[in-house]
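# kindly return the folded structure for what I paste below:
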Amino acid sequence: MATADRLSAAQDALAAAEAAASAYGLRPARGGDPERAPSVGTQAEPDPHSVARRVVLRQLAMGPRTRRQLEDKLRDKGCDPVVGAQVLDRMGEVGLVDDEAYAEMYVRSKQETKGLAASALRHELRQKGVADEVVDAALEEIDPEHERAQAQALVARRARSLRGLDRETQTRRLAGFLARKGYSSGVSYQVIREALDALPEHGRD
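All right, here's what the predicted structure looks like:
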């Protein structure tokens, strides 16, 4: 599902959930957090599933989230883990929570905007709670030649700011820059060597 469509669906679902809550008198107590599960003994306690749905839908309306991220948010809001799991399962059935789609989108986006290599993408997706097999599937789409071309473009741009420095310093700084982007040392040093060889200041007599 496209990002715009997914956000629209999340917003529509949120509106429907809030309308249903209003119809059944399930309103949060005044002055409280509308997304925090109520304490035992409070009056007019909202339905725990309604609270959890609202938490999830508000998160999705702000941007894509992995299931783990949503689980963490539900826990922070004091939602029952069993209820949270049931709500997330339902959201998954309708396509609003989809780690596979999230991983594919994340890989494309971070390649285009930050030039991240597969290693860095793997690390970031794992941190967001995406399962290894889902990460592997998303990274299979990366073309090694395209990744190398990305490294070349990154080095070409960064090298312009290093003019006037000695070659060793340029190499060290460019290698560190590519390492932070997740590129292997083999690819990095080959690309850096080619880029520096092409600079007039390093031209061979």
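# going forward, measure contacts between C-alpha atoms and count neighbours the same way
OK.
# for the spatially most central residue of the chain, phi and psi?
In the chain, the centroid-proximal residue (Cα atoms, centre = their mean) is Tyr106; its distance is 5.4 Å. Phi and psi for Tyr106, reported as degrees, to the nearest 10, are phi -60, psi -40.
# ok, and what's touching stretch 133-145?
The contact list for stretch 133-145 (Cα atoms under 8 Å, 6 or more residues apart in numbering) reads 99-100, 103-104, 107, 118, 122, 125-126.
# got a pLDDT number for Ala118?
What the model reports for Ala118 is a pLDDT of 95.
# so what's it up against?
Contacts of Ala118 (Cα under 8 Å, 6+ apart): 139, 142, 182-183.
# Tyr183 versus that one, what's the distance?
As judged by Cα to Cα, to the nearest Å, Ala118 and Tyr183 stand 8 Å apart.
# for Leu154, same thing?
Here Leu154 is placed at a distance of 11 Å from Tyr183 (Cα to Cα).
# quick one, which of those two is more surrounded?
Neighbours were tallied for Leu154 and for Tyr183 using other Cα atoms under 10 Å; the higher tally belongs to Tyr183 (24 against 20).
# go ahead and confirm the more buried one touches Ala117.
Yes: the criterion here is Cα atoms under 8 Å, and Tyr183 meets it with Ala117 at 5.6 Å.
# please report how far Arg148 lies from Leu154.
When Cα to Cα is the yardstick, Arg148 and Leu154 sit 10 Å from each other.
# now stretch 190-203: average pLDDT?
86.
# what do you get for stretch 83-100?
The model assigns stretch 83-100 a mean pLDDT of 94.
# next one: the helix or strand hosting His123 to chain centre, how far?
Assigned by DSSP states H and E, His123 falls within helix 118-127. Computed by Cα atoms, centre = their mean, to the nearest Å, the chain-centroid distance of helix 118-127 equals 10 Å.
# pLDDT below threshold where in the chain?
Judged against pLDDT under 70, the low-scoring parts of the chain cover residues 1-44, 203-205.
# got the domain boundaries for it?
Domains of the chain are assigned by automatic domain parsing as 3-93, 99-139, 144-202.
# re earlier: now the contacts of stretch 133-145 as TSV including distance to Leu174?
Formatted as TSV, the contacts of stretch 133-145 follow (distance: Cα to Cα, whole Å):
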residue	distance to Leu174
Asp99	33
Glu100	33
Ala103	28
Glu104	28
Val107	23
Ala118	18
Arg122	22
Leu125	25
Arg126	26
